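> just coords:
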């Protein structure tokens, strides 16, 4: 039996990003990249997302 790992992803808003009131394209892209990676892993599943703005 393969061990299952729980993962949380963390995305951070750049200081250069001017839109502080909604999720930026930068954060959307960061999350998409990490979720795509996790979906390719059979032993890791996403349990939470953290965003720092």
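Thanks, I have the structure now. If you're wondering where the values come from, they're calculated on a predicted model, not measured in any experiment.
> for the rest of this, base every contact and every neighbour count on C-alpha atoms.
Fine.
> what's the neighbour count on the nearest residue to residue 44 once chain neighbours are set aside?
Using C-alpha to C-alpha, 6 or more residues apart in numbering and skipping the chain neighbours, the partner closest in space to residue 44 is residue 5 (4.6 Å). Neighbours of residue 5 under the rule other C-alpha atoms under 10 Å: 12.
> list the contacts of residue 5.
43-45 (C-alpha atoms under 8 Å, 6 or more residues apart in numbering).
> so how far is residue 53 from it?
27 Å (C-alpha to C-alpha, to the nearest Å).
> next one: residue 45
24 Å.
> for the residue most central in space within the chain, phi and psi?
For the chain, the residue nearest the mean C-alpha position is residue 31 (3.4 Å; C-alpha atoms, centre = their mean). Main-chain dihedrals, residue 31, degrees, to the nearest 10: phi -60, psi -40.
> now it: closest residue in space, sequence neighbours ignored.
residue 11 (6.5 Å).
> secondary structure element holding the one you found?
Using DSSP states H and E, residue 11 sits within strand 5-12.
> skip the chain neighbours and tell me the closest residue to residue 50.
residue 10 (4.7 Å).
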